[in-house]
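>>> Predicted coordinates and the sequence they were generated for:
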Amino acid sequence: MDIISQLQEQVNLIAHLAFNTIGTLQRDAPPNRLSPHYPEPPPNPTEDGSNFSEQPKLMSAGLVKAAKQFDALVAALPISEGGEEAQIKRIADLQAENDAIGQELQKQLEAAEKELNQVQDLFKRASDNCLNLKKPE
């Protein structure tokens, strides 16, 4: 997998972890009293009996690990040399090379189509001769 694909996968992982972390915090966080005029909120029991204070630490550790992996991938990206002008020249050179190769491929395609038409014509003659029981000319 190339580095850009790895970066995309890592961004998706970070988004997934952040989404799940926020959702879990919303679901499992103990309720707080908004004002002294409101009654005390009922306690929010956890289903599995785990300690709520440990969950954010574990989730944040996963997010930090994913962010560090992302940073390592970014650091592994090749450094562009020469600035914007060199990149524009490189793009123009690659485009010219692409155009030249495209023209060569087009010539080869036309030659292959011509040869295919000749083969189809010969096959048609051969099948007509076989069906008509004629001698080839």
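The structure has been received and is ready for your questions.
>>> Phi and psi next, for residue 117.
Main-chain dihedrals, residue 117, degrees, to the nearest 10: phi -60, psi -40.
>>> Which neighbouring elements make contact with the particular helix or strand that has residue 88 in it?
Here residue 88, judged by DSSP states H and E, is contained in helix 83-132. The helices and strands touching helix 83-132, judged by 3 or more Cβ pairs under 8 Å, 6 or more residues apart in numbering; DSSP states H and E, number zero. Placement of C-beta: from N, CA and C, glycine included.
>>> And it, how far out from the chain middle?
Between the centre of helix 83-132 and the centre of its chain there are 30 Å (Cα atoms, centre = their mean, to the nearest Å).
>>> per-residue pLDDT, residue 50?
Looking at residue 50, its pLDDT stands at 57.
>>> should've said residue 99
97.
>>> How about the one 3 residues further on?
Among the per-residue scores, residue 102 holds a pLDDT of 96.
>>> which residues of this structure score low on pLDDT?
43-52, 133-137 (pLDDT under 70).
>>> how is it carved up into domains?
The chain breaks down into these domains under the TED database: 1-78, 82-136.
>>> End to end on the first one, go ahead and measure it.
Just to be clear, that refers to domain 1-78. 16 Å (Cα to Cα, to the nearest Å).
>>> Same question for stretch 39-53.
24 Å.
>>> Sticking with the most centrally placed residue in the chain, tell me its helix or strand.
By Cα atoms, centre = their mean, the chain has its centre lying nearest to residue 5, at 5.0 Å. Using DSSP H and E, residue 5 sits in helix 3-28.
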